[in-house]
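**Q** Sequence first, then the predicted structure, then my questions.
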There are 4 protein chains.
Amino acid sequence: MAGASEEETVSLDLLRDKMAEFAKERDWDQFHSPRNLLLALVGEVGELSEIFQWKGEVPRGLPDWKEEERLHLGEELADVLLYLVRLSDMCGIDLGKAALRKVELNAIKYPVVACKDSSKETQQQ
Amino acid sequence: MAGASEEETVSLDLLRDKMAEFAKERDWDQFHSPRNLLLALVGEVGELSEIFQWKGEVPRGLPDWKEEERLHLGEELADVLLYLVRLSDMCGIDLGKAALRKVELNAIKYPVVACKDSSKETQQQ
Amino acid sequence: MAGASEEETVSLDLLRDKMAEFAKERDWDQFHSPRNLLLALVGEVGELSEIFQWKGEVPRGLPDWKEEERLHLGEELADVLLYLVRLSDMCGIDLGKAALRKVELNAIKYPVVACKDSSKETQQQ
Amino acid sequence: MAGASEEETVSLDLLRDKMAEFAKERDWDQFHSPRNLLLALVGEVGELSEIFQWKGEVPRGLPDWKEEERLHLGEELADVLLYLVRLSDMCGIDLGKAALRKVELNAIKYPVVACKDSSKETQQQ
């Protein structure tokens, strides 16, 4: 399928198409209104938060997590992504383009030099 | 940069690399702990919700929305995505692979025939 | 005042004290750091959202909901409240006072006459 | 107003009545459908999260926070509470009773002795 290149690069378009096909096959389009999907997204963000809620600060790479916990985390991160992709599609927004555009806007909003200086002094982004 | 093919297919790996470069250039790695990024993600989900909060149900494709509102929506969807990509990276999770795997798990959990039948009767997924 | 009879008025201070006692009896104070509680709150907001996610718009008073669904909803609303109360306590914030103060600030921010006029024309608060 | 007793104990019924009056005076009842209020609540939880997002772990009582930051935090905690109170009211749920009931259910679900033992060994609640 287009979008999934030889080395497993996963594109947002591929996920969008997979979600669309998935919903169509199950007659779920009827449930996939923007606000339904948004609340489903919030539900998944809640499940993602539950994974981290009693852990205190956790270091990058999650060195002490068991493989089972990593798999669970991957599933919750994926659930958030899949609803986000589907919500964008149902809103007629090209999520990939929007993300690239936002990175460019952020680069203008947060110039490298100014940020380097301020991040030495403060924790504010 | 690898990953952005000629027709603007945006891959999760491309966004991950852009976010990593963005943070590194600004000395922001120090702030990008998993729980910091998770809370930033929750913040962006809140901003996304604010767009929809007083609107009642909205139809797919957002036919009555102004271009300015669409742009704003695209930015908030992008913000959620970018923090999700960065959070996954800081957790050592391959978000694209996790998403493909979750789609497959969902296909097993919700077989086409059973879902088609039940979606005629109920709103439960 | 209707609804708040002498015997059934539940105050925020009462809930705060109950939560403090509950945590102390179970040696849970060690887990109740502000950010742990905040993520737990986000988790409960997610569960609350799941109740509403596939329903489309629902009318006030939830006329078609079964008693079992109402009880479940009450439990999720309560979970959000209890973590909010506990989070406030662990941050040293008097939640009741803060709420009364916010109502007053809102009354200044949104004067009655201006809001009545604009709410005839628009859905913006 | 009745309900705020001599020592400033703030009850959920008082806040419910204040919110109802506030909305009525401004013709806002029309916007206060359950899902609108739920999304507004999610928006406020996002603003609350933004306060904590770049801070790493913060100790109880927030000893190093400025008075201005505490006031801001109090406002966001209050916003979450006020929408939660209003959402409960629009759903016909007595939030105070639901909270007391949930505390009792939790006491059954998490007996003191079992929790004390397990909290010595693990971070799971």
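**A** That came through fine.
**Q** Can you name the element that comes right after the longest helix along chain A?
**A** In chain A, with assignment by DSSP state H, the single longest helix is helix A:67-90. Per DSSP states H and E, the first helix or strand lying C-terminal to helix A:67-90 is helix A:95-109.
**Q** list the buried ones in that next one?
**A** Within helix A:95-109, the residues that qualify as buried are A:L95, A:G96, A:A98, A:A99, A:L100, A:K102, A:V103, A:N106, counting by 16 or more other Cβ atoms under 10 Å in any protein chain shown. Backbone N, C-alpha and C define where each C-beta goes, glycine included.
**Q** Look up the closest residue to the residue nearest the centre of chain A, ignoring the ones flanking it.
**A** Chain A has A:L81 as the residue nearest its centroid, 3.9 Å off, counting by Cα atoms, centre = their mean. Nearest-residue entry for A:L81: B:A99, 5.2 Å, with adjacent residues in sequence omitted and distances by Cβ to Cβ, 6 or more residues apart in numbering or on different chains.
**Q** hang on, the earlier thing: and the longest helix of chain A, what other elements does it pack with?
**A** helix A:12-25, helix A:34-52, helix A:95-109, helix B:67-90, helix B:95-109 (3 or more Cβ pairs under 8 Å, 6 or more residues apart in numbering or on different chains; DSSP states H and E).
**Q** Let me know whether A:G56 touches D:E57 as I believe.
**A** Yes - using Cβ atoms under 8 Å, A:G56 is in contact with D:E57, at 6.1 Å.
**Q** Give me the below-cutoff pLDDT ranges for chain A.
**A** A:1-8, A:120-125 (pLDDT under 70).
**Q** Can you give the domain ranges for it?
**A** Listed by the TED database, the domain ranges of chain A are A:11-53+A:65-93, A:94-124.
**Q** any idea how far D:E69 is from the residue nearest to the centre of chain A?
**A** A:L81 is 33 Å from D:E69, where distance means Cβ to Cβ, to the nearest Å.
**Q** still on that earlier bit, make a markdown table from the helices and strands packed on helix A:67-90 and add distance to D:W28 to it.
**A** Output for the helices and strands packed on helix A:67-90, formatted as a markdown table (distance: least, Cβ to Cβ, whole Å):
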| stretch | distance to D:W28 |
| --- | --- |
| helix A:12-25 | 35 |
| helix A:34-52 | 19 |
| helix A:95-109 | 32 |
| helix B:67-90 | 21 |
| helix B:95-109 | 40 |
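**Q** out of these, which comes closest to C:E21?
**A** helix A:34-52 (24.3 Å; Cβ to Cβ).
**Q** tilt between the closest one and helix C:34-52?
**A** For helix A:34-52 against helix C:34-52, the angle by axes from the mean of the first three to the mean of the last three Cα atoms, to 10 degrees is 140 degrees.
**Q** separation between A:S88 and B:I51?
**A** In this view, A:S88 and B:I51 are 13 Å apart by Cβ to Cβ.
**Q** go on, A:E21?
**A** 27 Å.
**Q** Likewise for A:L77?
**A** Taken as Cβ to Cβ, the span from A:L77 to B:I51 is 23 Å.
**Q** more crowded one of those two?
**A** A count of neighbours by other Cβ atoms under 10 Å in any protein chain shown puts A:L77 above the other of A:L77 and B:I51, at 25 against 21.
**Q** and the closest residue in space to the more buried one that isn't next to it in sequence, how many neighbours?
**A** Leaving aside its sequence neighbours, A:L77 sits nearest to B:S88 (Cβ to Cβ, 6+ apart; 5.2 Å). Neighbours of B:S88 under the rule other Cβ under 10 Å: 26.
**Q** ok, B:S88 touching B:K97?
**A** No - using Cβ under 8 Å as the test, B:S88 is too far from B:K97 to be in contact (10.1 Å).
**Q** Make sure A:E57 is indeed in a strand.
**A** No - using DSSP: H, G, I helix; E, B strand; the rest coil, the assignment for A:E57 is coil, not a strand.
**Q** got the contact list for it?
**A** When contacts are counted by Cβ atoms under 8 Å, 6 or more residues apart in numbering or on different chains, A:E57 touches B:S33, B:R35, C:R35, D:G56, D:E57.
**Q** any idea how far it lies from D:G61?
**A** 18 Å.
**Q** ditto for A:R16
**A** 47 Å.
**Q** Which one's more surrounded, these two?
**A** Just comparing A:R16 and D:G61: by other Cβ under 10 Å the higher neighbour count belongs to A:R16, 19 against 13.
**Q** doesn't A:V85 make contact with the more buried one?
**A** Yes - counting by Cβ under 8 Å, A:R16 does reach A:V85; the two are 5.3 Å apart.
**Q** Spit out the residues that contact these two alike.
**A** Counting by Cβ under 8 Å, 6+ apart, the contacts common to A:R16 and A:V85 are A:L95.
**Q** quick one, the helix or strand where A:V113 lies and helix A:95-109 angle?
**A** Assigned by DSSP H and E, A:V113 falls within helix A:112-121. Taking the same axes, to 10 degrees, helix A:112-121 and helix A:95-109 form an angle of 80 degrees between their directions.
**Q** now check helix A:112-121, is it near chain B?
**A** Yes - for helix A:112-121, a contact with chain B is found by Cβ under 8 Å from any Cβ of the partner chain, at A:V112, A:C115, A:K116, A:S119, A:K120.
**Q** ditto for stretch A:19-27
**A** Yes - Stretch A:19-27 lies within reach of chain B by Cβ under 8 Å from any Cβ, at A:M19, A:F22, A:E25, A:R26, A:D27.
**Q** mind checking how far A:L15 is from B:L81?
**A** 11 Å.
**Q** Which residues are in contact with each of those two?
**A** When contacts are counted by Cβ under 8 Å, 6+ apart, A:L15 and B:L81 are jointly contacted by A:L81.
**Q** Near the residue of chain A found nearest chain C, how many other residues are there?
**A** Closest residue of chain A to chain C, Cβ to the nearest Cβ: A:G46 (1.3 Å). Residues lying near A:G46 (other Cβ under 10 Å) number 28.
**Q** what's near enough to touch the closest residue to it other than its chain neighbours?
**A** Distances taken as Cβ to Cβ, 6+ apart place C:G46 nearest to A:G46, at 1.3 Å, with adjacent residues excluded. Shown in contact with C:G46 (Cβ under 8 Å, 6+ apart): A:V42, A:G43, A:E44, A:V45, A:G46, A:E47, A:S49, A:E50.
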